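Undergrad: Structure for this input, please:
(one chain, ligands or ions: 1)
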Amino acid sequence: MAYGASGAADEQVAGRGHNVSCSNKDFDFFYRGLEGGQVLIQQCGNCGSPRNPPSPACPECHSLEWHAVPLGGGGVVHSYTVHHHPPLPGFVTPHPVVLADMDEGIRLIGAMDGIAPEDVRIGMPVRVKMVRRNDIAAFRFTTAKK
Ligand SMILES: [Zn+2]
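TA: So this is what the prediction gives:
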């Protein structure tokens, strides 16, 4: 499969339920979830372990059976960085990028809105909010109260 923004890749994603041309078989459910307004993760169909990022097999029991479950959206900052360069369409530069420990026991990485980069703290409660970036469904983190 070709990756990137080529016309061929755009034709390949038609019918997948999302507009993300760099997706693949493992990530299609995630991007379809975003189009539906949810962040979805995989849950093992054998042992029930949640996992993220998407992968073909469960790291706990190696089962290939899984189903998608929605995240509740709450978590705390595990770590973060600040993106300075290059400027990205739809993002304020610089902006924080957070790795969050989510309530479901998985980690999720994403950009954070509504806070100055120097005010982000490890352990800070965050919440997922759904956004659209041009024609792409996405999510951002925002501050939350615990
Ligand atoms: Zn498992």
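Undergrad: all contacts plus neighbour counts: C-alpha atoms, from now on.
TA: Fine.
Undergrad: check contacts around Phe29.
TA: Counting by C-alpha atoms under 8 Å, 6 or more residues apart in numbering, Phe29 touches Leu40, Ala68.
Undergrad: After the helix or strand harbouring it, which helix or strand is next? Please name it.
TA: Using DSSP states H and E, the element containing Phe29 is helix 28-35. Downstream of helix 28-35, the first helix or strand assigned by DSSP H and E is strand 40-44.
Undergrad: hang on, the earlier thing: so the helix holding Phe29 versus strand 40-44, what angle?
TA: Between helix 28-35 and strand 40-44, the angle comes out at 140 degrees (axes from the mean of the first three to the mean of the last three C-alpha atoms, to 10 degrees).
Undergrad: mind listing what's buried in helix 28-35?
TA: Asp28, Phe29, Phe30, Tyr31, Arg32, Gly33, Leu34, Glu35 (16 or more other C-alpha atoms under 10 Å).
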